[in-house]
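Student: how would this look folded up:
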Amino acid sequence: MEKKAILNFYGEGIERASLENYIKENDLHDNVFLNGNQNKETVKLAYQRSHFVILPSKSEGWPKAVAEGMFYGCVPIATSVSCVPFMLDYGERGVLLEMDLEQDIQQLETILNNEMVFDNKRIQASEWSQKYTLNVFEEEIKKLLRE
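Tutor: Coordinates of the predicted model:
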C-alpha cells in the first residue's frame, strides 16, 4: 500500500549537493525538503509537527537529535550505533534500522499500518526522554559534586 509522506532534512553537510540531485532526478521536490541549518525554535516546531525523527548514522556518540525528537513525541528511526539501542530500548521505543531494505520496510510498515503500535512507541519514547533533560543532568552533577 502506498503512503504519502513528507521528509524534511535539517542541517548542512557535504551530502547536500548529492541530495539536491537525487530530489531533482526522482521528482521529489513536492515531498522532500532541505531546510539547512535552522534556529532552535524552528527545529523544535518541526519536531512538534512530525511523526518520526530519522537518524541513519554510522557513528554517533549521544545522538542529541534522536533524544530531542523523542522528547517532542517523534518515534525514532535510527541505526544501531553507540547508545542508540539503549535509548530505543532495543526497538520498544522506536525502530532500530538493520540497514537491510526488506527488514527495515517490514518494521516501518508495522508502525504505519497499526496506530496502536505507533502510539505505544511514541509514548514510550517521549516518557523515556523526559528523564534526560538538562535540568535532570544539572541536578545529577550537583549531587556528584556534593559527594
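
Student: for the most centrally placed residue in the chain, which non-adjacent residue is spatially closest?
Tutor: Against the mean C-alpha coordinate of the chain, by C-alpha atoms, centre = their mean, the closest residue is residue 53 at 2.4 Å. Nearest non-adjacent residue to residue 53, counting by C-beta to C-beta, 6 or more residues apart in numbering: residue 69, 2.7 Å away. Bear in mind the C-beta positions are built from the backbone N, C-alpha and C, glycine included.

Student: can you check residue 90 too?
Tutor: That would be residue 96: by C-beta to C-beta, 6+ apart, it lies 7.0 Å from residue 90.

Student: so, low pLDDT: which residues of the protein?
Tutor: For the chain, the stretches with pLDDT under 70 are 1, 61-62, 137, 140.

Student: how about the strands in it?
Tutor: 7-9, 32-34, 52-55, 75-79, 95-97 (DSSP state E).

Student: reformat these as a markdown table; add distance to residue 121.
Tutor: Below are the strands of the chain laid out as a markdown table (distance: least, C-beta to C-beta, whole Å):
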| stretch | distance to residue 121 |
| --- | --- |
| strand 7-9 | 19 |
| strand 32-34 | 24 |
| strand 52-55 | 10 |
| strand 75-79 | 5 |
| strand 95-97 | 8 |
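
Student: what's the most buried one of those strands?
Tutor: Of all the strands of the chain, strand 75-79 has the most neighbours on average by mean count of other C-beta atoms under 10 Å, namely a mean of 24.

Student: quick one: list the elements packing against it.
Tutor: Contacts defined by 3 or more C-beta pairs under 8 Å, 6 or more residues apart in numbering; DSSP states H and E place strand 75-79 against strand 52-55, helix 64-71, strand 95-97, helix 115-129.
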